[in-house]
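*Asks:* my questions concern the predicted model and sequence given below.
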Amino acid sequence: MIIRKIYYLFLVLLLSPNLVFAGIDDKIPVKVRVFHDLSEIKLGITSQFEIYLYPQKIKILDGYFLKIAPIKVVNNRGIIFGDKFYLCKEIYISSKNNGALTVNGRKFRNDIRIRIINNKFEVINILSLKNYLQGVLCREIAPSWGKEALKAQAIISRTYALYKMNSSVEQEYHLSSDVYSQVYGGLYSEDIRTNQAIEDTDGLVIENDSNIIPAYFHASCGGHTENIKEIWSLKSDVLSDKECSFCKDSPYFNWTAIIKKTDISSLNILSKSESGRVTWMEVIDNKGVSTKMSGNTFRLTVGPDILKSTMFDFEIRDKDILFKGNGWGHGVGLCQWGAKEMAEKHKMSAEEILKYYYRDVELVRLGVKS
């Protein structure tokens with residue numbers, strides 16, 4: 001086992017001679033969609049750069065600084081960049097020396113692709129896994145939390161990103177920058193403490209049977225995490241439900257919400273999961289039409305910031321509906337407020353935290369196998 005681990009490490013160092021200095025995360029490129037449906041882009045660059053037309057692969061501009069320049073779509077077949085027209089469907093901007101690119105006021109590291117899709121722009125940030133995680137972590141967890149909680153978040157964010165990359169190899173991008181993947185804010189979203197957690201866990205991921213897992217996480221489980229099969233009809237023993245007594249201090253452990261009845265005449269909870277979350281509901285409108293939907297669909301329809309989870313009950317009143325619930329998020333995988341208490345009050349390590357929420361897993365450093 002030790003010989004095999006050394007052999008894999010030797011191969012990694014042989015293929016990437018600077019890896020030990022730069023870090024494993026620096027060597028892995030990630031494609032993140034940061035904008036879509038834009039009719040105009042304002043681009044600025046504060047580093048050495050090169051700009052190419054695609055698919056022609058023709059360089060149209062290079063330099064060391066670009067003041068804010070407008071880019072517009074023309075009839076779904078070309079662009080106006082500055083004061084020039086180019087017949088192309090895409091431009092690629094490559095920044096050098098870890099430079100910064102500004103798109104509509106937001107700063108990003110490394111490279112971007114600007115593509116025309118249905119007469120609108122889609123912008124994809126292409127950057128190293130390390131830089132991506134730097135733009136994710138303090139959007140997903142408070143940098144002031146305990147060090148081991150930050151390290152646990154760094155490991156699962158890296159794991160989730162790689163899982164999505166493996167499952168979207170043929171796609172134009174691996175992840176979006178919103179809550180449907182992980183919230184990614186670019187260069188302005190970095191913090192020295194979360195950056196240190198990324199450095200401390202460089203290349204570490206969670207695996208089960210040598211496979212990178214879909215490392216889902218959420219803010220607060222409300223006392224019990226959820227089995228993944230109840231949310232997305234996926235089966236995974238790694239992401240089965242788990243009792244959690246660590247997030248009681250979360251401000252989202254208990255919540256209430258009130259919505260107007262509007263077109264709703266009646267609601268019925270048809271079933272709940274073992275964790276206490278609504279799995280199926282019946283919604284009856286004012287015309288008596290009944291619609292059955294999953295609890296998760298109902299939550300997303302009402303608004304995930306209004307109904308913070310599907311662990312709720314309700315009371316229909318004269319003009320509105322009162323919901324009382326627990327937790328925030330889908331409930332699958334790691335409970336972030338639980339991880340906070342584990343790290344700060346119980347002095348648990350990142351590995352202990354992760355192995356509590358994900359069953360039968362091991363921590364593995366990329367490129368090193370046992």
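*Replies:* Arrived safely.
*Asks:* which one is residue 335 nearest to, not counting chain neighbours?
*Replies:* Nearest residue to residue 335 in three dimensions, chain neighbours excluded: residue 221, at 4.0 Å (CB to CB, 6 or more residues apart in numbering). Using the backbone N, CA and C atoms, a C-beta is placed for each residue, glycine as well.
*Asks:* isn't residue 266 right up against residue 286?
*Replies:* No - judged on CB atoms under 8 Å, residue 266 makes no contact with residue 286 at a distance of 9.6 Å.
*Asks:* when these two are compared, which one has more neighbours?
*Replies:* Neighbour totals were compared for residue 266 and residue 286, and residue 266 leads with 14 against 11 (other CB atoms under 10 Å).
*Asks:* residue boundaries of the helices in the stretch 151-300 of the chain?
*Replies:* Along the stretch 151-300 of the chain, the stretches classed as helices by DSSP state H, counting those that start in this stretch are 192-200, 229-232, 295-302.
*Asks:* would you format the ones you listed as a markdown table with mean neighbour count, mean pLDDT and distance to residue 361 included?
*Replies:* Below are the helices of the stretch 151-300 of the chain laid out as a markdown table (neighbours: other CB atoms under 10 Å; pLDDT from 0 to 100; distance: least, CB to CB, whole Å):
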| stretch | mean neighbour count | mean pLDDT | distance to residue 361 |
| --- | --- | --- | --- |
| helix 192-200 | 18 | 97 | 19 |
| helix 229-232 | 19 | 90 | 18 |
| helix 295-302 | 18 | 94 | 25 |
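*Asks:* got those helices as CSV, with distance to residue 281 columns?
*Replies:* Compiled in CSV, these are given as follows (distance: least, CB to CB, whole Å):
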stretch, distance to residue 281
helix 192-200, 38
helix 229-232, 13
helix 295-302, 5
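*Asks:* out of those helices, which gets nearest to residue 96?
*Replies:* Using CB to CB as the measure, helix 192-200 is the one of the helices of the stretch 151-300 of the chain that comes nearest residue 96, at 21.6 Å.
*Asks:* what's in contact with that closest one?
*Replies:* The contact list for helix 192-200 (CB atoms under 8 Å, 6 or more residues apart in numbering) reads 23, 25, 130, 133-134, 137-138, 141, 143-144, 147, 150-151, 153-154, 158.
*Asks:* what about the strands in the stretch 51-200 of the chain?
*Replies:* Assignment of strands within the stretch 51-200 of the chain using DSSP state E, counting those that start in this stretch yields the ranges 58-63, 66-74, 78-81, 84-86, 90-95, 100-103, 106-109, 111-117, 120-128, 175-176.
*Asks:* and for stretch 225-245, what are the contacting residues?
*Replies:* Residues outside stretch 225-245 that contact it (CB under 8 Å, 6+ apart): 208, 213-214, 216, 221, 223-224, 273-275, 277, 279, 296, 330-333, 335, 338, 356-361.
*Asks:* quick check: ChimeraX command selecting the buried ones in those residues.
*Replies:* Selecting only the buried entries of the contacts of stretch 225-245 in ChimeraX, with 16 or more other CB atoms under 10 Å as the criterion:
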select :208,213,214,216,221,223,224,273,275,277,279,296,330,331,332,333,335,338,356,357,358,361
